[in-house]
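Asks: Sequence first, predicted model second:
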Amino acid sequence: MGGWSRGAVLELYRALLRAGRHLQYTDRNYYRRVIAREFRHCQSLSEPQEKEEALKRGQFFLNSSLGGLV
C-alpha cells in the first residue's frame, strides 16, 4: 500500500470484511460492528501521520491473521 488515500482505506476496509467471513471462533456480526466502529473513529483523524499510523495498524491486524481471531 503506497500511503494513506481514500482508495487505500476502502481497500483495507473491504479486505478486513472479506477476511471476517472466515471467522470460526468469533461472532461475525460483532466483528463487523467493531471494524465499522474503528473506521468511523479514525474518520475524524486530521493529522496525516495519525491517518498513516491507523492504516498501518489495520494492515498489521489483517496480516497477522486478524490479531489471532482466526
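Replies: Cool, the structure landed.
Asks: drop to CA atoms for contacts and neighbour counts, all remaining ones
Replies: Will do.
Asks: Low-confidence regions, the protein specifically.
Replies: Residue ranges of the chain with pLDDT under 70: 1-2, 67-70.
Asks: What about residue 20, how many residues nearby?
Replies: When neighbours are counted by other Cα atoms under 10 Å, residue 20 registers 21.
Asks: Touching, residue 21 and residue 29? I think so.
Replies: No: between residue 21 and residue 29 there is no contact under Cα atoms under 8 Å: 9.9 Å.
Asks: Where does residue 35 fall, secondary structure wise?
Replies: helix 28-43 (DSSP states H and E).
Asks: so what does that helix touch, helix or strand wise?
Replies: helix 6-20 (3 or more Cα pairs under 8 Å, 6 or more residues apart in numbering; DSSP states H and E).
Asks: can you pull the buried residues of the helix it packs on?
Replies: Buried positions in helix 6-20, judged by neighbour count with 16 or more other Cα atoms under 10 Å: 9, 12, 13, 16, 17, 20.
Asks: and if you look at stretch 48-55?
Replies: For stretch 48-55, the neighbour count (16+ other Cα under 10 Å) marks 51, 52, 54, 55 as buried.
Asks: Nearest to residue 62 among these?
Replies: residue 55 (10.6 Å; Cα to Cα).
Asks: Please report how far that closest one lies from residue 37.
Replies: Distance, residue 55 to residue 37, using Cα to Cα, to the nearest Å: 15 Å.
Asks: check contacts around the residue most central in space within the chain.
Replies: Centrality entry for the chain: nearest residue to the mean C-alpha point is residue 58, 4.1 Å, by Cα atoms, centre = their mean. By Cα atoms under 8 Å, 6 or more residues apart in numbering, the contact list for residue 58 reads residue 12.
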